[in-house]
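J.: please work out how this folds:
(one chain, ligands or ions: 1)
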Amino acid sequence: MIPWGAVPLLTCRDLRFSWPRTNATLTIRDFQVGQGERVFLCGPSGSGKSTLLGLIGGVLQPQGGELVVLEQSLSVLTPARRDRFRADFLGFIFQQFNLLPFLDPVENVMLGCAFSPLRKVRAMASGGTVRDEALRLLVALGLDARILERRGTGQLSVGQQQRVAAARALIGGPDLVLADEPTSALDAATRDGFLRLLLAECARHGAGLIFVSHDMALASQFDRVVALETSPSRQMEA
Ligand SMILES: Nc1ncnc2c1ncn2[C@@H]1O[C@H](COP(=O)(O)OP(=O)(O)OP(=O)(O)O)[C@@H](O)[C@H]1O
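T.: A predicted model of the protein is given here:
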């Protein structure tokens with residue numbers, strides 16, 4: 001049951017995915033996320049957490065089942081429309097950040113709007129200009145002005161790069177943020193500060209959040225914990 005409003009943000013039913021040349025199948029029988037809901041997704045290494053985020057993000061195509069985001073079935077979209085849908089409504093924070101090291105932090109954050117006029121409009125509604133909103137987010141996520149003036153994002157520490165990656169995912173108020181182990185490289189104090197700010201920014205926009213982590217110390221800060229399991233037959237189930 002979804003206590004977060006009549007229309008679920010995300011519905012996965014009988015979702016099936018196998019990587020080529022492997023006998024492991026990810027099976028998601030019934031997984032829903034409500035609008036604005038914060039879900040902590042955990043499970044053993046190899047249980048399929050990153051794969052599930054790839055499916056929800058439309059980067060991977062399931063071999064069966066139903067995947068609906070904001071009442072839109074992803075399987076009926078052409079690849080180009082799926083890319084557009086992702087750019088408009090989803091924000092990704094990748095494990096490896098995927099930042100462009102030769103751009104400065106503000107330019108990296110602005111990239112979050114580069115493929116979506118809708119996100120640009122939303123960013124301007126919040127910040128005045130896309131650049132101002134990028135700056136606001138970076139400051140809200142705890143980066144100070146001296147760091148922002150440095151040229152290459154590649155010169156930043158891991159924790160600082162993580163904040164830039166989060167700001168890029170959040171700019172333009174995506175409806176669903178997908179975060180793949182974003183705190184795994186951070187020390188405990190930096191991790192706690194980062195999570196507090198990430199949750200606050202998601203709440204500010206009413207964004208739902210699926211946060212993948214092995215760190216169960218963080219689980220209590222979420223509305224719900226979902227664990228993927230790896231059974232002896234290498235079926236991965238939610
Ligand atoms: N590109 C790929 N090609 C083939 N198999 C893959 C690929 N990526 C992942 N897999 C396989 O899919 C299964 C699930 O991997 P996935 O990365 O989704 O797990 P995970 O739960 O996110 O793991 P971790 O916690 O270690 O990040 C594993 O058996 C993995 O070997």
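
J.: for this protein, which residues are neighbours of the ligand?
T.: Proximity of the chain to the ligand (C-beta under 6 Å from any ligand atom) is limited to residues 19, 22, 24, 43, 45-51. (C-beta placed from N, C-alpha, C; glycine too.)

J.: tell me which residues touch residue 134, please.
T.: Counting by C-beta atoms under 8 Å, 6 or more residues apart in numbering, residue 134 touches 106, 109-110, 123, 127, 167, 171.

J.: what's the helix or strand for it?
T.: helix 130-140 (DSSP states H and E).

J.: contacts for the helix or strand just after that helix, please.
T.: The first helix or strand that comes after helix 130-140 along the chain, using DSSP H and E, is helix 145-149. Residues from elsewhere that reach helix 145-149 (C-beta under 8 Å, 6+ apart): 104-106, 135, 138-139, 156, 160.

J.: which of those count as buried?
T.: 104-106, 135, 138, 156, 160 (16 or more other C-beta atoms under 10 Å).

J.: among the residues you listed, which are located in strands?
T.: Counting by DSSP state E, no part of the buried ones among the contacts of helix 145-149 is found in strands.

J.: in JSON lines, list those residues along with distance to residue 37 and pLDDT.
T.: Shown next, in JSON lines, are those (distance: C-beta to C-beta, whole Å; pLDDT from 0 to 100):
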{"residue": "104", "distance to residue 37": "34", "pLDDT": "92"}
{"residue": "105", "distance to residue 37": "29", "pLDDT": "93"}
{"residue": "106", "distance to residue 37": "30", "pLDDT": "94"}
{"residue": "135", "distance to residue 37": "29", "pLDDT": "93"}
{"residue": "138", "distance to residue 37": "26", "pLDDT": "93"}
{"residue": "156", "distance to residue 37": "31", "pLDDT": "89"}
{"residue": "160", "distance to residue 37": "29", "pLDDT": "89"}
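
J.: export these to JSON lines and tack on distance to residue 180?
T.: Output for those, formatted as JSON lines (distance: C-beta to C-beta, whole Å):
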{"residue": "104", "distance to residue 180": "24"}
{"residue": "105", "distance to residue 180": "20"}
{"residue": "106", "distance to residue 180": "23"}
{"residue": "135", "distance to residue 180": "25"}
{"residue": "138", "distance to residue 180": "21"}
{"residue": "156", "distance to residue 180": "19"}
{"residue": "160", "distance to residue 180": "18"}
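
J.: just the strands in the protein please.
T.: 10-18, 25-33, 38-42, 64-69, 72-73, 90-93, 176-180, 208-212, 224-227, 229-230, 235-237.

J.: so how far is the fifth one off the chain centroid?
T.: Averaging C-alpha coordinates over strand 72-73 and over its chain gives two centres that are 18 Å apart (C-alpha atoms, centre = their mean, to the nearest Å).

J.: with the third one instead?
T.: On the basis of C-alpha atoms, centre = their mean, strand 38-42 sits 11 Å off its chain's mean C-alpha point.

J.: number of nearby residues for residue 128?
T.: By other C-beta atoms under 10 Å, the residues close to residue 128 number 12.

J.: buried set for stretch 101-119?
T.: For stretch 101-119, burial by neighbour count (16+ other C-beta under 10 Å) applies to 103-110, 112-113, 116, 119.

J.: farthest pair in those residues?
T.: Maximum pairwise distance among those (C-beta to C-beta): 21.1 Å, between 104 and 116.
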